[in-house]
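Student: Sequence first, then the predicted structure:
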Amino acid sequence: MSYKVRISGVGGYVPPQVLSNKDLERIVDTSDEWILRRTGIRERRILKGKNTSYMGVQAVKSMLKSTGIDPSSVDLLICGTNTSETVFPGAGNLIVHTCGMDKASCFDLQAGCSGFLHALRMGTFAISSGGAKRAVIVGMDKMSSVVDYADRRNCVLFGDGGGCVLLEETQGSNEIVDFHIETDGSKTDLLCKKAGEGPGPFPDVKPKDRDLYFHHDGATIFKLATMGMADVCRKIVDRNNLNINQIDWLIPHQANLRILQSVRANLDLPEEKVLYNLDNYGNTSAASIPLCLWNFEKKFQPGDNILLVTFGAGLSWGVSYLRWSYKVSS
Ligand code: ACO
């Protein structure tokens, strides 16, 4: 399988405000030592005084600057996010408007931490079927807006950020080759944020504010993520007649260093092939994979075999196999 579509540019943005493990020690009963040992996270970035779409705009602007493309040549923008500041319209509309993409249609796609991967697949399908020539795929989340900072099991894990890729048609063979995404809707409750509702006219039915925060069953998610991410990687490697040794880079959703290490060991990949930024950013949800592509873009060579693998709310988890198509001049 292959799509005649390539990633031809990346962009990213993280806010300047740092929330370190030491800072969290002053907010909840935790310690730098516990967080680092159990998650691998040292610090995360927090967006203050601005909304989620701001990060998407900054990420897309950085991609526009590095690629030099004319924003009005973009036909489609798909925004994977769970924390849009508006229920409708989608946050992508603000990005399109602010970045001068006056010819692009756009929509938001909400699929937990796997949102970027789902959006990448939809954008790839749109181009390969002739529906678009250039698409921008954004992953962004302001997790600090949905995390309960009184709950030490959750608040240490997450940070804010946004990333994007540019997709274009290609006639070459360095292209997006395959996707495999699975969903198990029976486990919705394991990882969920209820929709926010106003209290309505009857004060006695006002929900407790805490009910509106994101919650998850960390230990169960840990086990399912470890198994699910390794499983889909093996499936895509096998059906593309690859040997795992031919994979140059594994870019996993940045949930917990122990999950990533377990997936790596399960696949028998050398440590240096697994890329991560969660020590500095924590789990940025839909932003984590495009932020990694942005952080490590200089490492990639044309033809490198890359797996992007995610796990998140839904539950939904999956993988994309692609051959990198360009080299950044340093
Ligand atoms: N600081 C100090 N102690 C803590 C903290 C903390 N921040 N959090 C929990 N503890 C305590 C617990 O209370 C417990 O204490 P007890 O034994 O006295 O009851 C002890 O540490 C062990 O708790 P566990 O929950 O068993 O710790 P675990 O090693 O499982 O780590 C964690 C918890 C980090 C949440 C882990 O389960 C994890 O990473 N899970 C997956 C998270 C994830 O990937 N989520 C999905 C992504 S989110 C998305 O898709 C939007």
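Tutor: Yep, that arrived.

Student: Let me see the contact set for Ile251.
Tutor: Shown here is Ile251, whose contacts under the criterion Cβ atoms under 8 Å, 6 or more residues apart in numbering are Leu275, Ile289, Cys292, Leu293, Phe296, Ile306, Leu307, Leu308, Val309. To be clear about C-beta, it is placed using only N, CA and C from the backbone, and glycine gets the same treatment.

Student: Quick check: next helix or strand after the lowest-mean-pLDDT helix or strand in the chain?
Tutor: Least confident helix or strand of the chain, by mean pLDDT, DSSP states H and E, is strand 215-216 with a mean of 86. Under the assignment DSSP states H and E, the closest C-terminal helix or strand after strand 215-216 is helix 218-239.

Student: Just name whatever secondary elements that next one is in contact with.
Tutor: Using 3 or more Cβ pairs under 8 Å, 6 or more residues apart in numbering; DSSP states H and E as the contact criterion, the elements in contact with helix 218-239 are strand 176-183, helix 257-267, strand 305-312, strand 316-323.

Student: Spell out the residue ranges of the strands in the stretch 101-250 of the chain.
Tutor: Assigned by DSSP state E, counting those that start in this stretch, the stretch 101-250 of the chain shows strands spanning 105-109, 134-142, 160-169, 176-183, 191-192, 215-216, 249-252.

Student: how about the contacts of Ile251 in a markdown table, adding distance to the ligand and neighbour count?
Tutor: Formatted as a markdown table, those follow (distance: Cβ to the nearest ligand atom, whole Å; neighbours: other Cβ atoms under 10 Å):
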| residue | distance to the ligand | neighbour count |
| --- | --- | --- |
| Leu275 | 17 | 19 |
| Ile289 | 12 | 28 |
| Cys292 | 15 | 25 |
| Leu293 | 19 | 25 |
| Phe296 | 21 | 16 |
| Ile306 | 21 | 22 |
| Leu307 | 18 | 26 |
| Leu308 | 15 | 24 |
| Val309 | 13 | 28 |
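
Student: what packs against the least confident helix or strand of the chain?
Tutor: Under the contact criterion of 3+ Cβ pairs under 8 Å, 6+ apart, strand 215-216 touches strand 191-192.

Student: And the ligand, is the strand it packs on touching that?
Tutor: Yes - part of strand 191-192 sits close enough to the ligand to count as contact by Cβ under 6 Å from any ligand atom, namely Leu191.

Student: pLDDT on that strand, on average?
Tutor: Averaging pLDDT along strand 191-192 yields 90.
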